[in-house]
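Peer 1: Here is a sequence with its predicted model. Questions after.
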Amino acid sequence: MPLILGWTIHGVLLYNTSEDPEKEYQAILQALDHRVQGILMLPVIGTKRRTVELLKKAEEDGIHVVLIDRNVPDGEFAAVFVDNRKTIYDGISLFLKAWHEKIGIITCPEVLRDGMTRLDGYVACLADVGIVLRKEYIYQGDFSQESGYQACLYFRTLPDPPTAVLATCSSETLGCIRYLNENGLTPGLDVGLIGFDDISTLNTIGYPVTMLDCPMRSMGEVAYEMLNDRMNGRTDEKKCKRVLMESRILIRGSERRGGRNYAGYGVK
């Protein structure tokens, strides 16, 4: 749920932008109308260029901006990100150790420089163990449950389908689970599955899925401290500070192949 927090002398303004670029733009305008001192925001997918220009103008006018989790096009703002490349690298490594060689990935739109995306981690991990990249194992998702569902449908129709799938966002993970349930397939037995962002409801209903879990709470705390330092003159505003944080792997068995124990590929 993308949000914008605006700090004023008298308190905090909160805007829910609901993945809507126009709402995001209007929320920033309203925050500036309230004469905020700083803006802490989780950008929407597909932030418009005019929004980025508005944020740049805000910083020129002395209003401090810090981003969380996502970047914006051509933006050079202070930010706290998850190290997506390492996160996916570690997830693919886990699949390899669990005997999978044919690994599919469902990607998602990202605004990061080359070398830092989720797909980069996938490519790098396979290269490090000498597995040839197969483009048919890469499905372009779009942050929706439907894309996760369609990705699994696509993978299963390939002449040589992957034995494991890694979804790179929570909604795609849910789409994968729906497909597996509808087709009587069990994660960790019939197919390996690793999801992104822990979904607590799955554990509640007894459906364990191995997850790459982003530390959103910690990211928010770090971003708040960065913004607070800037608003109180405790940092050099001419320097753009970027913080990369690591995810944790919550291993629950769905990454396995046919329930086998680990002994597969060694990964650097």
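Peer 2: Arrived safely, thanks for sending.

Peer 1: show me what contacts Arg242?
Peer 2: Going by CB atoms under 8 Å, 6 or more residues apart in numbering, Arg242 touches Ala78, Ala79, Val80, Phe81. Glycine gets a C-beta too; all of them are placed from N, C-alpha and C.

Peer 1: Distance check, it against Leu42.
Peer 2: The spacing between Arg242 and Leu42, counted by CB to CB, to the nearest Å, is 16 Å.

Peer 1: If you drop the residues flanking it in sequence, what lies closest to Leu5?
Peer 2: Leu40 (4.4 Å; CB to CB, 6 or more residues apart in numbering).

Peer 1: what helix or strand is the one you found on?
Peer 2: Assessed by DSSP states H and E, Leu40 sits inside strand 38-41.

Peer 1: list the buried ones in stretch 137-150?
Peer 2: Buried positions in stretch 137-150, judged by neighbour count with 16 or more other CB atoms under 10 Å: Tyr137, Ile138, Tyr139, Gly141, Asp142, Gln145, Ser147, Gly148, Tyr149, Gln150.

Peer 1: so what secondary structure elements neighbour the helix or strand just after the strand holding Leu40?
Peer 2: As assigned by DSSP H and E, the chain's next helix or strand after strand 38-41 is helix 49-60. Counting contacts by 3 or more CB pairs under 8 Å, 6 or more residues apart in numbering; DSSP states H and E, helix 49-60 packs against helix 21-33, strand 64-68.

Peer 1: ok, the last one: who's next to it in the sheet?
Peer 2: Read that as strand 64-68. Paired neighbours of strand 64-68 in the sheet (DSSP bridges): strand 38-41 (parallel), strand 78-82 (parallel).

Peer 1: With just CA atoms, put the longest one into PDB.
Peer 2: Put plainly, it is strand 78-82. What follows is strand 78-82, C-alpha atoms only, in PDB (Å, rounded to 0.1, in the frame of the first residue of the first chain):
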ATOM      1  CA  ALA A  78      18.000   9.500  -0.400                       C
ATOM      2  CA  ALA A  79      16.500   6.100  -0.100                       C
ATOM      3  CA  VAL A  80      16.300   2.800   1.700                       C
ATOM      4  CA  PHE A  81      16.100  -0.300  -0.500                       C
ATOM      5  CA  VAL A  82      16.200  -4.100  -0.100                       C
END
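
Peer 1: List of residues touching that strand?
Peer 2: 64-71, 112, 214-215, 219, 222-223, 226-227, 230, 240-247.

Peer 1: Then stretch 44-57?
Peer 2: Stretch 44-57 has contacts (CB under 8 Å, 6+ apart) with 2, 17-25, 28-29, 32, 39, 65, 70, 72-75, 77, 109, 111, 143.

Peer 1: Check stretch 135-154 too.
Peer 2: Counting by CB under 8 Å, 6+ apart, 45, 102-109, 119, 122, 155, 158, 162, 165, 167-169, 171-176, 178-180 sit against stretch 135-154.

Peer 1: Swap in 7 Å and give it another go.
Peer 2: 45, 102-109, 158, 162, 165, 167, 169, 171-176, 178-180 (CB atoms under 7 Å, 6 or more residues apart in numbering).

Peer 1: quick one: the strands in the stretch 151-268 of the chain?
Peer 2: 164-167, 192-196, 210-213, 242-245, 248-250 (DSSP state E, counting those that start in this stretch).

Peer 1: The third one pairs with which strands, parallel or anti?
Peer 2: Read it as strand 210-213. When DSSP bridges is applied, strand 210-213 pairs with strand 192-196 (parallel), strand 248-250 (antiparallel).

Peer 1: and those strands, which is most packed in?
Peer 2: For the strands paired with strand 210-213, the largest average neighbour count (mean count of other CB atoms under 10 Å) is found in strand 192-196, namely a mean of 28.

Peer 1: Following the record's annotation, map out the domains of this structure.
Peer 2: As recorded under automatic domain parsing, the domains making up the chain are 3-82+215-246, 84-213.
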